[in-house]
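>>> just the structure for this:
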Amino acid sequence: MAVSEFSFDIVSRADAMEIKNALNQADKDLGNRYDLKGTKCEIVTEKDETKLIADDEFRMDQLKEIVFSKLLKRGIDARQFSWGKLEPGAGISVHCKIEFKNGIEQTKAKALAKQIKDKGLKVQTQIQGEEIRVTSKSKDDLQKTMAFVKELDLDFPVEFVNMR
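Reported below is the predicted structural model:
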């Protein structure tokens with residue numbers, strides 16, 4: 001009888017649909033905010049790039065706060081996006097880009113794989129692009145590995161997918 005192996009993948013990705021919904025809600029909120037009426041505050045989304053445009057730094061802070069709260073309400077982890085630097089725009093406006101992070105960087109993936117191996121469980125880790133595959137002959141060891149990874153204080157959110 002063949003000994004079967006079980007596995008799962010550790011990934012870090014944001015739900016693109018939820019991001020789009022959050023940005024649409026924030027854009028709608030901009031039109032309803034009394035203190036932002038008549039200002040040049042807007043959210044511009046083009047393919048993979050999202051840019052915030054505001055009249056000045058004060059309004060940019062308000063715009064960031066709106067977008068941040070909408071992203072959090074839609075379940076997007078704060079570690080999955082970062083704010084770019086404020087850049088002067090046309091006239092007196094300022095621009096700020098939002099960068100959404102998908103995948104686990106190679107250096108962070110290596111560090112996480114090493115931490116899993118150092119734990120001493122009978123599992124093998126394999127880095128596959130921007131995700132980590134964990135395999136074992138025991139489902140219990142995989143579940144212990146999942147619990148261990150959840151307890152770690154990582155600077156990126158993790159999900160467990162493709163449990164086989």
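>>> and stretch 141-150, which residues are buried?
By neighbour count with 16 or more other CB atoms under 10 Å, stretch 141-150 contains the buried residues 141-142, 144-146, 149. Where you see a C-beta, it was placed from the backbone N, CA and C, and this is true even at glycine.
>>> which positions within stretch 73-85 qualify as buried?
Result for stretch 73-85 [16+ other CB under 10 Å]: buried residues 74, 76, 80-81.
>>> please save the CA atoms from that stretch in PDB.
Written as PDB, here are the backbone C-alpha positions of stretch 73-85 (Å, rounded to 0.1, in the frame of the first residue of the first chain):
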ATOM      1  CA  LYS A  73     -14.200  47.100   7.000                       C
ATOM      2  CA  ARG A  74     -14.000  45.000   3.800                       C
ATOM      3  CA  GLY A  75     -11.500  42.600   5.500                       C
ATOM      4  CA  ILE A  76      -8.300  43.700   3.900                       C
ATOM      5  CA  ASP A  77      -5.500  43.400   6.300                       C
ATOM      6  CA  ALA A  78      -3.500  46.600   7.000                       C
ATOM      7  CA  ARG A  79      -0.300  44.700   6.300                       C
ATOM      8  CA  GLN A  80      -1.400  44.000   2.700                       C
ATOM      9  CA  PHE A  81      -1.100  47.600   1.500                       C
ATOM     10  CA  SER A  82       1.300  50.600   2.000                       C
ATOM     11  CA  TRP A  83       1.000  54.300   1.300                       C
ATOM     12  CA  GLY A  84       3.400  55.900  -1.100                       C
ATOM     13  CA  LYS A  85       5.100  59.200  -0.600                       C
END
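>>> what mean pLDDT does that stretch get?
Mean per-residue pLDDT for stretch 73-85: 87.
>>> now swap in stretch 117-126 and tell me
Stretch 117-126 comes out at a mean pLDDT of 84.
>>> what do you get for stretch 94-108?
Averaging pLDDT along stretch 94-108 yields 87.
>>> now stretch 131-146
Mean per-residue pLDDT for stretch 131-146: 87.
>>> residues in contact with it: which ones?
3-11, 103-104, 109, 112-113, 116, 119, 121-127, 160, 163 (CB atoms under 8 Å, 6 or more residues apart in numbering).
>>> make it 6 Å
Here stretch 131-146 makes contact (CB atoms under 6 Å, 6 or more residues apart in numbering) with 5-11, 109, 113, 121-126, 160.
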